[in-house]
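# Next come a sequence and a model predicted from it.
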Amino acid sequence: MISSCHSLDSPVQTQMAVAVFKSPLGGEYHGSQRMEGKQSTGRRRVFVQTETGCVLGMELDRSDNAHTVKRRLQLALNFPIEESSLTFGDKVLKNDLSAVRNDSPLLLTRNFLHRSSSTPCLSPTGKEIQQRDQSGLIEILGRSNSFAKMKQLVKESVKAIKVGVEPLPVHSGLGGAYYFRNSRGESVAIVKPTDEEPFAPNNPKGFVGKALGQPGLKRSVRVGETGFREVAAYLLDYDHFANVPPTALVKITHSVFNVNDGVNGNKPQKKNQVSKIASFQQFIPHDFDAGDHGTSSFPVSAVHRIGILDIRIFNTDRHAGNLLVRKLDGVGRFGQVELIPIDHGLCLPETLEDPYFEWIHWPQASIPFSDDELEYIENLDPAEDCEMLRRELPMIREACLRVLVLCTVFLKEAASYGLCLAEIGEMMSREFRSGEEEPSELEVVCIEARRLIADREEFSPRTDSGDEPFQFDIDCDETGFDFSSKVTAEDYMTRTTSQYGIGAGNCRFALSKLEESIDEEEEESEGEESEEASAVFTTPERLPSISKLSMSLKTTTVGEKNQKLQKFSGSKPESGYVANRSSGHRSATEQLPASMSFVKLADLGEEEWGLFLEKFQELLYPAFAKRKSVTLGQKQRQRLGTSCQF
Ligand SMILES: Nc1ncnc2c1ncn2[C@@H]1O[C@H](COP(=O)(O)OP(=O)(O)OP(=O)(O)O)[C@@H](O)[C@H]1O
């Protein structure tokens, strides 16, 4: 690697490298337009972020490769680049940077040295960097027309910063967040830097201990990757159906942001100007959140629309604090409210896990979808969604897109079958039985679909013959189960997973619990082209034990669970969990609730993925029938219970 540095180490080359990132990147916020003409010449502006959170904007041209980028970073930030990888979403970049689009955020991670709490957080050197990276105070990354509203907000914020209106830190929540204001001092946006997320190196609330790119608060969402998910949720919310506030990814520079100095996450004495990659979301004035009052005034359609979004994006964090409530004034609107869904950083996980839907037991969720809602669902096109997201958020991981596709297909099929929101949400949620977390009905279907494609050679003669119902094995290694027996899909779904003893601890599906580990740490070998840096799933032997926190969440009743989740996610600043934070810094290993994966999607090849989706759809019908019969049974029991009272 050192030998390949030689050319760059010569004085001439070094000067050139500095000159590139000194090249005029002026302008306040419309960077992407400025660069449009340059695309054809191979010139692009990118923002490189180190795993400790420092960000440097630079221009690339056709002759650049990963090494020249790293070298510039080393010169500007004095950042060690030995044994480091430059990544762009799923890709580890080598010689070919053609996949990198204008305005893209790249991540530089060190391979072996410190991907843990021992990593010192290198503070950016303030003014010096700003002189080199001459991009504007706030730059929107991406050029979607959907960001029109954001441009106005960015303009207002920049104007206010210039006249000395300081952003205000947000005290609630686990992550670092700041209200940016206009010149009149009114909040116009909430900004959440990616390196201040829970457990990220510069988290201001003591939740530190992970490098960017490592598994985060949810194992299937990496630290530093909640920002683009917030934007994805906004972009997917076509026609503003669910009311997600306009959100964009920005590169933003201000001294208000937090930088932890050194291993223990201490704060430096002096605040410097620092650049961050952050989500920038319109501030929506509101009266309270959904946890503060009863939910009976919430309009059915608002609950349905937010639920539809949550299902599509597999939201793992829809707790009451993430639904803002605004009272509607005006004649004849007394008591009416509007719901505003926020905080979508933990949607689109890289693998299925346990979602969290606060609305699941609200009566509104059991009311059938309206015709408008059904039409909206019918018009959803997961392939188009993926294309749009790849275009607008090129760093998005394919694993996230697979979850989006799967959930959208599931929603479409379920709605057309006649299931209501609550039923669909329940099918996606895991159960906790006898001390074990069990796969959701959705996951069970996925597990079986995977089995079918894995066994298709073996099974095809039987399945293709006549009208026999589809058959598959249940591969169970416990006594008390007839391994040789075949059950039909209908049979399978009719018996509950626990009846079969396929709880995670009892039975080992070929695709049972899998722990995700992140494997982006391959050593760079010059001369190779970019390669995939995808999540790797290990075998059940490396199963993570569920942390005490997660255990306690799982063993409580739904009501308790809601409260504990609220506490954990800090929607209430007065909650015990968050109030404790001043007592010291929490390391990620201490605090992180492990969650496990029962089925993987990301490892399937393109063809297998297509086949998998086919099988998945085939298996849905009996699963829906089973769910309907459960709901009907519950209703009958309820009626019986009521009549018995009289
Ligand atoms: N778009 C918005 N408009 C107005 N207020 C907002 C907006 N987004 C967030 N907030 C406020 O900021 C607080 C913190 O935001 P948010 O919940 O998104 O942060 P977080 O650190 O991800 O929190 P959590 O730990 O709950 O996941 C919210 O509780 C809410 O009061």
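Yes, it's here. All figures in this text were calculated on a predicted structure; none of them were measured in a lab.

# Which residue does the protein have closest to the ligand?
Proximity to the ligand, evaluated over the chain using CB to the nearest ligand atom, is greatest for residue 173 at 2.6 Å. Every C-beta, even on glycine, is put in place using the N, C-alpha and C of the backbone.

# Just give me the neighbour total for that residue.
The number of residues packed around residue 173, counting by other CB atoms under 10 Å, is 19.

# Quick check: pLDDT value at it.
Looking at residue 173, its pLDDT is 89.

# And what about it, helix, strand or coil?
coil (DSSP: H, G, I helix; E, B strand; the rest coil).

# what's the neighbour count on residue 368?
14.

# Look up phi and psi at it.
Phi and psi for residue 368, reported as degrees, to the nearest 10, are phi -60, psi 150.

# give me the number of residues near the residue nearest to it when sequence neighbours are not counted?
Leaving out its chain neighbours, the residue that sits closest to residue 368 by CB to CB, 6 or more residues apart in numbering is residue 420, at 5.3 Å. Using other CB under 10 Å, residue 420 is surrounded by 19 other residues.

# What are the neighbouring residues in contact with residue 420?
Residue 420 makes contacts with 365-369, as judged by CB atoms under 8 Å, 6 or more residues apart in numbering.

# what's the spacing between the residue of the chain closest to the ligand and residue 105?
22 Å (CB to CB, to the nearest Å).

# got it, and residue 341?
25 Å.

# what about stretch 229-242, near the ligand?
No. Shown here: stretch 229-242 not in contact with the ligand (CB under 6 Å from any ligand atom), separated by at least 8.2 Å.

# which of the residues in that stretch are buried?
229-237, 241-242 (16 or more other CB atoms under 10 Å).

# Can you classify residue 87 as helix, strand or coil?
Going by three-state DSSP: residue 87 is strand.

# For it, give the beta-bridge partners.
residue 92, residue 107 (DSSP bridges).

# neighbours around it, how many?
Neighbours of residue 87 (other CB under 10 Å): 21.

# Please apply the same query to residue 596.
24.

# ok, now how distant is it from residue 212?
23 Å.

# before we move on, what about residue 184?
35 Å.

# Compare neighbour counts for those two and give me the winner.
Per other CB under 10 Å, whichever of residue 184 and residue 212 has more neighbours is residue 212, with 27 against 9.

# need the contact list for the closest residue to residue 176 other than its chain neighbours.
Nearest residue to residue 176 in three dimensions, chain neighbours excluded: residue 196, at 2.8 Å (CB to CB, 6+ apart). Neighbouring residues of residue 196 by CB under 8 Å, 6+ apart: 53, 175-177, 202-204, 257-258, 276.

# Keep only these that also lie close to the ligand.
Within the contacts of residue 196, those near the ligand by CB under 6 Å from any ligand atom are 175, 177.

# so which two of the contacts of residue 196 are the farthest from each other?
53 and 177 (15.1 Å; CB to CB).

# So these two - more neighbours on which side?
residue 53 (29 against 24).

# What distance do you get for that one to residue 324?
28 Å.

# How about residue 446?
33 Å.

# which one of the two has more residues nearby?
residue 446 (24 against 21).

# Lowest mean pLDDT among the helices and strands of this protein, which one is it?
helix 576-579 (a mean of 27; mean pLDDT, DSSP states H and E).

# Buried ones among the contacts of residue 420?
365, 369.

# What count of nearby residues applies to residue 151?
Neighbours around residue 151, by other CB under 10 Å: 15.

# That one contacts residue 139, correct?
No. Using CB atoms under 8 Å, residue 151 is not in contact with residue 139; the gap is 10.8 Å.

# Write out the residues of this structure neighbouring the ligand.
170, 172-175, 177, 190, 245, 281-284, 317, 321-322, 342-343, 345, 569-571.

# Try it again at 5 Å.
Proximity of the chain to the ligand (CB under 5 Å from any ligand atom) is limited to residues 170, 172-175, 190, 245, 281, 283-284, 342-343, 569-571.

# quick one: average confidence on stretch 135-143?
87.

# repeat for stretch 617-636
87.

# what residues are up against the nearest residue to residue 195 once chain neighbours are set aside?
With CB to CB, 6+ apart as the measure, residue 53 is the residue that lies nearest to residue 195, at 2.9 Å, once sequence neighbours are left out. Counting by CB under 8 Å, 6+ apart, residue 53 touches 121, 193-196, 200-202, 212, 259, 276.

# can you rerun that using 10 Å?
121-124, 193-196, 200-203, 211-212, 224, 257-260, 274-277 (CB atoms under 10 Å, 6 or more residues apart in numbering).

# Then residue 446?
Residue 446 neighbours (CB under 10 Å, 6+ apart): 352, 406, 410, 439-440, 511, 598-601, 612, 615-616, 619.

# Equivalent analysis for residue 613, please.
With CB under 10 Å, 6+ apart, residue 613 has these contacts: 382, 402, 405-406, 409, 449, 453, 601, 604.

# One more pass at 8 Å, please.
405-406, 409, 449.

# which of these tops the neighbour count?
Most neighbours among those, by other CB under 10 Å: residue 449, with 25 neighbours.

# my guess is that one meets residue 623, correct?
No. Under the criterion of CB under 8 Å, residue 449 is not in contact with residue 623, lying 10.7 Å apart.

# tally of neighbours for residue 443?
By the measure other CB under 10 Å, the count of residues near residue 443 is 21.
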